[in-house]
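S.K.: fold the following, please.
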Amino acid sequence: MSLVAAKIASALEGSSWIRKMFEEGIALKQQYGEDAVCDFSLGNPDLPPPPAVADGMKNLAQTLDQPFALGYMPNAGFGWAREKLADWLSREQQTPVAAADVILTCGVAGGINVFFRAVLDPGDEVLCFAPYFVEYGAYADNHGGVFKPVPSTPKSFAPDPGALEAAITKRTRVRIINSPNNPTGVVYSREQIENLCAVLRAASERNGRPIFLFSDEPYRFLAFDGAQAPSVLPLYPYAVLGSSFSKNLSMPGERLGYLALSADMEKREQLMAALTMTNRTLGFVNPPVVAQHLMAAALGSQVDVRIYERRRNAMANVLTEAGYGFRMPEGAFYFFPEAPGGDDVAFVRRLARERVLGVPGSGFGCPGHFRLAFCVDEKVILRSAEGFARARQG
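M.R.: Numbers count the residues shown, from 1 in each chain. The predicted model follows:
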């Protein structure tokens, strides 16, 4: 006898490799001690929020004696918060963004679910280049969508317009991209995105309905060596930007994200009304009050990216010395090396025996690789060197 739905029971059996390794890390730390385990399994930023976040919290605390200080607000978020966010996005994205085209959500994960609920009919397809963030498939399935991975260019993990064109059918409704990418660290160029947009324009006209381009950008701020993530909003009329303040303000637990629509989208008022409704009816009701105040106080601030750059360089040195093959990440805080021997699951288990935790690439739709999150203290990265070397030697 099962107490849960068959689909959920099946999902539990194949639950996220990220969470599996995170939980294994907890067990190893309990057994051997915190300092004996090098945990690169979870992209949980360890840097404290910038000082502006603390200032925002102090200012909010002084208003809590007022009526409705923590009460309901419009389903799309406070009007003043949307105005501030739109003004900041106009500068960050280097294109005009109006408050009416922005909605605040419970994290970008909540935002993606809100968007999918608003635009997907049962059987509609969501396309994404592999490797991809592991939860995209679940988000599409939540709302009757069909998640279809599309192969990226081997080795470079660059977007492949030809593969995208071949994967599009009459049921294709959304193309989701993530740049800087989790798990590869790849940053798409403007030319690459324009090539994708050309494919989507032609397919939308052929299908008689728009295919949305959803750009998931929580790591936009974290690009290295002069790399920059171009804005999709002015490049395609059916572009939707989704992001959050989990990484740049180091407050993932506050669950504040947003969606922004291209100013060139026809009938975008209809889509915004649908997003506002699904923000409510999915049970989010409205974005968190506290997080909106913290966001407003800290817009324009971010954690010190130089710390992440030093960690990236330290991890690159460790992997190089141990003889691993990898592509230097251009952004985000992940490495995606090749798994020695090709069996990523077996190799990650071998790593775990050395008390070093990574995540198999199979969990991201790309077997033969494994992911390492370097949002950890540099001491942990340096301490992992011997474990990486022993695991590679077998």
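S.K.: which element is H293 on?
M.R.: helix 289-298 (DSSP states H and E).
S.K.: mind giving me the packing neighbours of the next helix or strand after that helix?
M.R.: Using DSSP H and E, the helix or strand that follows helix 289-298 in sequence is helix 305-322. Secondary structure elements in contact with helix 305-322, counted by 3 or more Cβ pairs under 8 Å, 6 or more residues apart in numbering; DSSP states H and E, are strand 334-335, helix 378-383, helix 385-393. C-beta here means a position set from N, CA and C on the backbone, and glycine is covered the same way.
S.K.: repeat that with 7 Å
M.R.: On a contact count with 3 or more Cβ pairs under 7 Å, 6 or more residues apart in numbering; DSSP states H and E, helix 305-322 meets helix 378-383, helix 385-393.
S.K.: can you give me the mean pLDDT across it?
M.R.: What helix 305-322 shows for mean pLDDT is 98.
S.K.: what are the contacting residues of it?
M.R.: Residues outside helix 305-322 that contact it (Cβ atoms under 7 Å, 6 or more residues apart in numbering) are 47, 221-222, 224, 326, 328-329, 333, 335, 337, 372, 374, 378, 381-382, 384-385, 388-389, 392.
S.K.: list the buried ones in that helix?
M.R.: Buried residues in helix 305-322, counted by 16 or more other Cβ atoms under 10 Å: 305, 308, 311-312, 314-316, 318-319, 322.
S.K.: farthest-apart pair in the residues you listed, please.
M.R.: V305 and A322 (25.8 Å; Cβ to Cβ).
S.K.: the strands in the protein, which residues?
M.R.: Under the criterion DSSP state E, the chain contains strands at 38-39, 102-105, 125-130, 146-151, 172-178, 212-216, 239-244, 257-261, 334-335, 356-357, 359-360, 370-373.
S.K.: and the first one, which strands flank it?
M.R.: If I follow you right, that is strand 38-39. strand 356-357 (parallel) (DSSP bridges).
S.K.: same check, this time on the third one
M.R.: The partner list of strand 125-130 in its sheet, established with DSSP bridges, is strand 146-151 (parallel), strand 172-178 (parallel).
S.K.: quick one, the longest one and strand 212-216 angle?
M.R.: By that I understand strand 172-178. 20 degrees (axes from the mean of the first three to the mean of the last three Cα atoms, to 10 degrees).
S.K.: what does strand 172-178 rub up against?
M.R.: Applying Cβ under 7 Å, 6+ apart, the contact partners of strand 172-178 are 119-120, 124-128, 132-133, 136, 164, 188, 200, 203, 211-216.
S.K.: let's go with 6 Å and repeat that
M.R.: With Cβ atoms under 6 Å, 6 or more residues apart in numbering as the contact definition, strand 172-178 has outside contacts at 120, 124-128, 133, 211-216.
S.K.: quick one: which of these is nearest to G56?
M.R.: D216 (25.3 Å).
S.K.: find the nearest non-adjacent residue to the closest one, please.
M.R.: Spatial nearest neighbour of D216, excluding adjacent residues (Cβ to Cβ, 6 or more residues apart in numbering): N178 at 4.4 Å.
S.K.: ok, that neighbour to P131 distance?
M.R.: From N178 across to P131, the span is 10 Å (Cβ to Cβ, to the nearest Å).
S.K.: what's the answer for E338, then?
M.R.: Taken as Cβ to Cβ, the span from E338 to P131 is 13 Å.
S.K.: more neighbours, the two?
M.R.: P131 (26 against 17; other Cβ atoms under 10 Å).
S.K.: I'd say that one and H369 touch.
M.R.: No. Between P131 and H369 no contact is recorded; they are 7.3 Å apart, counting by Cβ atoms under 6 Å.
S.K.: related to what we said a few turns ago, does anything pack onto the helix holding H293? Which helices or strands?
M.R.: helix 51-61, helix 79-92 (3 or more Cβ pairs under 6 Å, 6 or more residues apart in numbering; DSSP states H and E).
S.K.: tabulate the CA atom coordinates of it in CSV.
M.R.: Backbone C-alpha positions of helix 289-298 (Å, rounded to 0.1, in the frame of the first residue of the first chain) are rendered in CSV as follows:
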residue,chain,number,x,y,z
VAL,A,289,7.5,40.6,2.5
VAL,A,290,10.8,40.6,4.3
ALA,A,291,12.8,39.6,1.1
GLN,A,292,11.2,42.4,-0.9
HIS,A,293,12.5,45.0,1.7
LEU,A,294,15.9,43.4,1.7
MET,A,295,16.0,43.4,-2.1
ALA,A,296,15.1,47.1,-2.3
ALA,A,297,17.8,48.0,0.2
ALA,A,298,20.5,46.0,-1.5
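S.K.: buried set for that helix?
M.R.: Those would be 289, 291-298, for helix 289-298 by 16+ other Cβ under 10 Å.
S.K.: just how off-centre is it within its chain?
M.R.: When distances are taken as Cα atoms, centre = their mean, to the nearest Å, helix 289-298 is centred 20 Å away from the chain's centroid.
S.K.: good, we can wrap up now.
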